[in-house]
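Asks: model the structure of this input:
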Amino acid sequence: MINKIVESAQAAVADVPDGATILIGGFGGAGMPHELIDALIDQGARDLVVVSNNAGNGETGLAALLKAGRVRKIVCSFPRQADSQVFDDLYRRGAIETELVPQGNLAERIRAAGAGIGAFFSPTGFGTTLAAGKETRVINGRNYVLEYPIDADFALIRAERADRWGNLVYRKAARNFGPIMASAARCAVAQVSATVELGELDPEAVVTPGIFVKRVVCIPPAGLAAGSRKEAQR
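Replies: Numbering: from 1, shown residues only. Next up, the predicted model:
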């Protein structure tokens with residue numbers, strides 16, 4: 001019987017090795033798998049390469065992983081925001097390597113990895129320092145830069161609901177990078193608020209098919225009554 005549901009966030013990330021490349025979903029706080037990240041911090045993996053939309057907010061979630069000194073390199077689109085003090089400090093001290101990727105290119109590079117695309121040409125970044133050292137080409141009179149896929153060892157993402165096969169349904173903006181990250185990683189781990197029986201998810205609402213998901217961990221939202229939490233985990 002296929003059952004991808006694991007008992008805890010700790011079990012879900014127990015085998016992440018030092019030096020792993022990890023895709024982490026989220027757009028700001030929306031879709032950020034906070035509990036999976038906390039479990040990864042406790043697990044102790046180091047020298048990580050993290051790919052995410054930004055470089056963390058405040059001192060929780062991805063920012064906490066950076067603050068713990070576990071990340072060697074971050075690949076992202078928006079590293080500096082009003083509350084990105086953890087990244088700012090690391091960057092100014094030369095304690096973290098950073099690769100800046102325009103958001104559209106970042107999404108397409110991840111999607112390309114999941115789709116098996118070897119490389120693609122994008123006009124974004126041409127003529128800037130972001131294109132330094134990259135192959136360029138003129139296509140139909142327009143300048144393009146060659147970009148390569150970003151695949152990963154693990155993806156840590158957040159969805160709203162899942163069944164035991166790993167089919168995922170997202171809630172609004174929390175969908176962001178999750179679907180493409182799940183397809184681009186060798187092991188996608190999904191944190192969900194509730195699990196349901198097979199057949200309860202509307203097939204038209206399933207965004208990430210279970211074939212892309214290796215593990216599911218149910219973490220009901222804080223504040224649910226005990227009975228409601230039990231129902232969420234069924």
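Asks: now the longest helix along the chain - C-alpha only, PDB.
Replies: The longest helix of the chain (DSSP state H) is helix 103-115. Output in PDB follows, covering the C-alpha atoms of helix 103-115 (Å, rounded to 0.1, in the frame of the first residue of the first chain):
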ATOM      1  CA  GLN A 103      12.400  35.900 -10.500                       C
ATOM      2  CA  GLY A 104      11.100  34.800 -13.900                       C
ATOM      3  CA  ASN A 105      14.400  33.100 -14.700                       C
ATOM      4  CA  LEU A 106      14.400  31.500 -11.300                       C
ATOM      5  CA  ALA A 107      11.000  30.000 -11.800                       C
ATOM      6  CA  GLU A 108      11.800  28.800 -15.300                       C
ATOM      7  CA  ARG A 109      15.100  27.300 -14.300                       C
ATOM      8  CA  ILE A 110      13.400  25.300 -11.600                       C
ATOM      9  CA  ARG A 111      10.500  24.300 -14.000                       C
ATOM     10  CA  ALA A 112      13.000  23.300 -16.700                       C
ATOM     11  CA  ALA A 113      14.700  20.900 -14.300                       C
ATOM     12  CA  GLY A 114      11.400  19.200 -13.600                       C
ATOM     13  CA  ALA A 115      10.400  19.100 -17.300                       C
END
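Asks: what lies in contact with that helix?
Replies: 23, 51, 53, 75-78, 101, 119-120, 122, 124-125, 147-152, 177, 180-184, 212 (CB atoms under 8 Å, 6 or more residues apart in numbering). Where C-beta positions appear, they are placed from N, C-alpha and C, glycine not excepted.
Asks: mind checking which of those land in helices?
Replies: Reading helices off those with DSSP H, I get 180-184.
Asks: compare the residues you listed and tell me which has the most neighbours.
Replies: Met181 (32 neighbours; other CB atoms under 10 Å).
Asks: contacting residues around that residue?
Replies: Here Met181 is in contact with 23-25, 110, 152, 155, 157, 188 (criterion: CB under 8 Å, 6+ apart).
Asks: what about the helices in the chain?
Replies: 9-12, 34-43, 62-67, 85-92, 103-115, 178-184, 226-232.
Asks: out of those helices, which is the most enclosed?
Replies: Highest mean neighbour count among the helices of the chain (mean count of other CB atoms under 10 Å): helix 178-184, with a mean of 26.
Asks: need the contact list for the nearest residue to Ser84 once chain neighbours are set aside.
Replies: Nearest residue to Ser84, sequence neighbours excluded (CB to CB, 6 or more residues apart in numbering): Ala55, at 5.7 Å. Shown in contact with Ala55 (CB under 8 Å, 6+ apart): 62-63, 66, 74, 76, 78-80, 84, 86-87, 98.
Asks: distance check, Ala55 against Ala39.
Replies: Distance, Ala55 to Ala39, by CB to CB, to the nearest Å: 20 Å.
Asks: ditto for Ala115
Replies: 29 Å.
Asks: nice, that's everything, thank you.
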